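Trainee: Show me how the following folds:
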Amino acid sequence: MKLVKYIFFDLVRSRFVFFYFLLLLLFTGTFILLQDDVSKVQLSLLNIIILVVPLVSVIFATIHWYNSAEFIEVLLAQPVSRKRIFISEFVALSLAVGGAFILATGIPLLIFYPDAVSLLLMVGGFFLTIIFIALAFWSAVFTRDKAKGIGLSLVLWLYFSLIYDGLVLMLMFNFSDYPIDKIVVVLLSLNPVDVSRVMVLMKMEMSAMLGYSGAVFTDFLGSSVGLIYSIVLLIIWSIVPFFWALRKFSKKDL
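Mentor: Model (predicted):
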């Protein structure tokens, strides 16, 4: 906990986290003040959350890991295990970046629009923060080169945020004559960004915004089961890349 506390307060004092907090607060405040319709505010923030939050999380976490390389090497020279160092870095970064998101977006939403959709927006954004920090750590541990690590992180963000949906749409178009509903549900489950988006839209009951894959997801599982399934998927997505990165770091020759 001492290590987590030290890293956390060091991150909180950084300009990047403060700028991220102000940026999200600006977006949230602007949408709340300029829009009278709660649904429009929540949809606007959903678009910000599924694009900006993963991008900032994955880039900042990757840069932070490389900038902390010397600090990590000093810690490894002490009687501190690699596992403890890695977990401390991950927890501190998740609390700092996730906390900035909660304070700037989650709390204002719950104050002005205290409903289930606002809560799910906050939950989805926090999970995306954790997931993309884990992916960033995996990228940074995978390669020593900082430029390659940042590039790999950007590729992961592009894949999950933009490319993946295009590949799924192409698959659905080419195999539209076949019963692929179950396959579509599986494919949607393999993208945490899509899971977060559909989870919120299911609660808003906006079928037109769900798209084909989201509509299949809702019809196949139902709204209540689909919500639970989405949260479980986000938890799994938070755990799996974290343990991949931890395993790689534990065996890596530094």
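Trainee: show me what contacts S189?
Mentor: By CB atoms under 8 Å, 6 or more residues apart in numbering, S189 lies in contact with 195, 233. Where you see a C-beta, it was placed from the backbone N, CA and C, and this is true even at glycine.
Trainee: per-residue confidence for I87?
Mentor: Looking at I87, its pLDDT is 90.
Trainee: how close does it get to F137?
Mentor: 11 Å (CB to CB, to the nearest Å).
Trainee: of these two, who's got more company?
Mentor: Shown here are I87 and F137; by other CB atoms under 10 Å, F137 has more neighbours (28 against 15).
Trainee: tell me the secondary structure for the more buried one?
Mentor: helix (DSSP: H, G, I helix; E, B strand; the rest coil).
Trainee: buried stuff in whichever strand or helix holds I59?
Mentor: For I59, the host element (DSSP states H and E) is helix 38-67. Residues 38, 41-46, 48-50, 52-65 are the ones in helix 38-67 that count as buried (16 or more other CB atoms under 10 Å).
Trainee: Quick check: the gap between F142 and V41.
Mentor: In terms of CB to CB, F142 sits 39 Å off from V41.
Trainee: what do you get for A61?
Mentor: Counting by CB to CB, the gap from A61 to V41 is 28 Å.
Trainee: Same check on G99?
Mentor: For G99, the distance to V41 - CB to CB - is 22 Å.
Trainee: now do V58
Mentor: Relative to V41, and taking CB to CB, V58 is found at 26 Å.
Trainee: Secondary structure element for V123, which one?
Mentor: helix 116-142.
Trainee: now for that helix, which elements pack on it?
Mentor: Helices and strands touching helix 116-142, by 3 or more CB pairs under 8 Å, 6 or more residues apart in numbering; DSSP states H and E, are helix 38-67, helix 82-101, helix 107-112, helix 146-158, helix 192-204, helix 223-251.
Trainee: burial measure for the residue lying closest to F101 once chain neighbours are set aside, as a count.
Mentor: Leaving aside its sequence neighbours, F101 sits nearest to G125 (CB to CB, 6 or more residues apart in numbering; 5.3 Å). G125 is flanked by 27 other residues according to other CB under 10 Å.
Trainee: give the contact list for G125.
Mentor: By CB under 8 Å, 6+ apart, G125 lies in contact with 49, 53, 101, 105-106, 196.
Trainee: circling back: mean neighbour count, the helices and strands packed on helix 116-142: which tops it?
Mentor: helix 192-204 (a mean of 24; mean count of other CB atoms under 10 Å).
Trainee: and that one with helix 38-67, angle?
Mentor: 160 degrees (axes from the mean of the first three to the mean of the last three CA atoms, to 10 degrees).
Trainee: Using neighbour counts, pick out the buried residues of the helix or strand Y164 falls within.
Mentor: Per DSSP H and E: Y164 is located in helix 164-174. Neighbour counts over helix 164-174 (16+ other CB under 10 Å) mark 164-165, 168, 172 as buried.
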